[in-house]
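1. can you look at this prediction? I've put the sequence above it.
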Amino acid sequence: MMKRLRLFALTLASFVACVCAAPVLMEGVAAVVDGKPIMRSEFMNNLYRFQETPEGSAMTEQQQKEYVLDQMIEEKVLLSRIDRDSIVISDAEVDQRVTAHISQIAASQNIDLKTLEKAIRAQLGVSMAQYRDQLSKQIRSHMEMMRVRQHYVGSVSPTKKEVDAFYAAYKDSLPRQYNCVLLSHIQIPIEPDSVIVDSVKKVAELLIDSLNLGIKFELLAKNHSQDSAAAKGGDLGYFRRGMLDPAFERAIDQLKNGQYASNPVKTNQGWHIARVLGRKEDGVRSAQILLRTIPTSKDTADVIHLADSLQKAIKTKDDFSEAAKKYSEDRTSNFAGGLLGWYQKNEMEPAYVNPVANLNVGEVSEPVLIDGAYHLFRLDDARQIRELTLEEDYGKIESMAATHLENEKLEALVKKWRKEVHVEIRMTE
C-alpha cells in the first residue's frame, strides 16, 4: 500500500527529469478518459521513469505498462472533476509557485538565478522562459488535483493510535534522510515601537471614517495602501482559507459581499482595512488598504544588540534552549527550546542554507536577517544517513499517515468516478 502514497502526488523533482528528452516512440493515443486523450509519448515518458524506480524494476514489463497506464487513467479521472466542479487556478497563483520553486532550486544549490538559467539551458536544452512554461503546466495540474482533493477529502488529522499503526506497518518502507542536519533557532522579530503602531492605527481609523462618508474604497486604496494591490484598488484576488493572515481572515469571515470592516485589523505587516468582494466555494475574493507599521532604526538596532548578546552568551545546548523559550517569537518551536527538527540539506528553507553551511555540531550562527526578524541557528547534529523515528520525526510521520488516510479516501472516490466516465484503452502493446 506504500506505493499508493505517491498516487496523485506528482513531485516537481520528477518533472525536472521529465523535461529531459526521453526517447519517444511514434505518436498515438494510449487511452481516452472522459473525452481527453492520454498520448502515447506521455505514457512512454512516464513508463521510462517508472522503470528506473525500485518499485518498477521489481515488475515485469507488462506489469509496468499496466500499472503506469492505470495511474495515468486515474489521474485523468481526478482531473475530470476540474471542469465539473468549476475549479479555477489563477495564473498569479501558478506564477507565484513557479517563482518560489525556481528560487528554492537556486538556494539549495547555493547559486544565483543567472547561473541556474545557464545550467538549465546546458543540461535541459531549454531557455528559462521555456522551463517556466513547462513547469507552470506541471504545477497547475498538481494544484488542480490538490484542489479537487481538498474539496472532496479535506484534511485528515490522524490520532496517535493511527500514526503508531502506520509507522508499525510501513517503517521499513519510509524514505531515509541523506546528508541531513538537526537544527534549532531563535527568532527575534524587528517590531516597531508602540507609539508608531498607535499612530498608524489612528490613520487607518480616519480612512474608515472616510469610507463611512461615502468615499470609494478603490480610491482610498490607490492613494493610501502600501502594497502591490494598491494599483488595483486593493483587490487581492481569490484565496483559499488558510492562505492569508489568520487575523485578516477572521475579519473577512464577518463580512458580507461588498462590506468593509468597521475596525482596522493588526498583522505583522501593519494595519489593514479589510473588504470582501466576492465568495466562491473554495475561496474568498478580498481587498485591503494596508498601512504598514515600519520599525525605526533604533528598533532594528535594539534587536541586533539583543541577538549579538545572546550569540556571545550561549555556550551550551541548555543555554540555547532557555534563550529560545524566553526570547524566540516562533510559536511553533520556542516551547521546545527552538528545535526545528531534521532537514535534508537539499530540502532546507532557502534562507537557512547559508547561515548553517559552515557550522560545526554545537555551534551557533551569527545573527542573520530573514523576513523581518533576526535568527540564531544552532547545529545540534549532522548525519549522512538516518532512518525516521517516532521520537524525532513524529510530525513528518504524522503527515505521511494523514496522506495515507487521505489517499485511501480519495482512491475510493476515484474508483467510483471511474465508473461514471467513459474510459477507452487504445494501446494494444
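-> Arrived safely. Numbering: from 1, shown residues only.

2. gap between Arg386 and Gly341?
-> With distances taken as Cβ to Cβ, to the nearest Å, Arg386 is found 12 Å from Gly341. For glycine as for every other residue, the C-beta is placed from the backbone atoms N, C-alpha and C.

3. show me the shaky parts of the stretch 251-400 of the chain.
-> The stretch 251-400 of the chain contains residues with pLDDT under 70 at 281-282.

4. strands along that one, start to end?
-> For the stretch 251-400 of the chain, the strands defined by DSSP state E, counting those that start in this stretch occupy 265-266, 270-280, 283-292, 339-344, 368-370, 373-386.

5. and these as a markdown table, adding mean neighbour count and distance to Tyr327?
-> Output for the strands of the stretch 251-400 of the chain, formatted as a markdown table (neighbours: other Cβ atoms under 10 Å; distance: least, Cβ to Cβ, whole Å):
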| stretch | mean neighbour count | distance to Tyr327 |
| --- | --- | --- |
| strand 265-266 | 18 | 22 |
| strand 270-280 | 21 | 23 |
| strand 283-292 | 23 | 24 |
| strand 339-344 | 18 | 15 |
| strand 368-370 | 15 | 15 |
| strand 373-386 | 18 | 9 |
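
6. which SS class is Val181?
-> Secondary structure, DSSP: H, G, I helix; E, B strand; the rest coil: Val181 is strand.

7. and the closest residue to it other than its chain neighbours, what does it touch?
-> Of all residues not flanking Val181 in the chain, Ala382 sits nearest, at 4.9 Å (Cβ to Cβ, 6 or more residues apart in numbering). Contact partners of Ala382, counting by Cβ atoms under 8 Å, 6 or more residues apart in numbering, are 180-182, 361.

8. report the inter-axis angle for the longest helix anywhere in the chain versus strand 373-386.
-> The longest helix of the chain (DSSP state H) is helix 390-418. For helix 390-418 against strand 373-386, the angle by axes from the mean of the first three to the mean of the last three Cα atoms, to 10 degrees is 80 degrees.

9. mind starting the numbering at 896 from now?
-> In the new count, where the first residue is 896, that last one comes out as helix 1285-1313.

10. what's the closest of the contacts of Ala1277 to Leu1115?
-> Of all the contacts of Ala1277, Leu1115 sits closest to Val1076, with 48.0 Å by Cβ to Cβ.

11. okay, the residue nearest to Val1076 and Val1256: tell me how far apart.
-> For Ala1277, the distance to Val1256 (Cβ to Cβ) stands at 6 Å.

12. kindly report the same for Asp1104.
-> Asp1104 sits 58 Å away from Val1256, going by Cβ to Cβ.

13. who wins for most neighbours among the contacts of Ala1277?
-> Counting neighbours by other Cβ atoms under 10 Å, the top entry in those is Val1076, with 23 neighbours.
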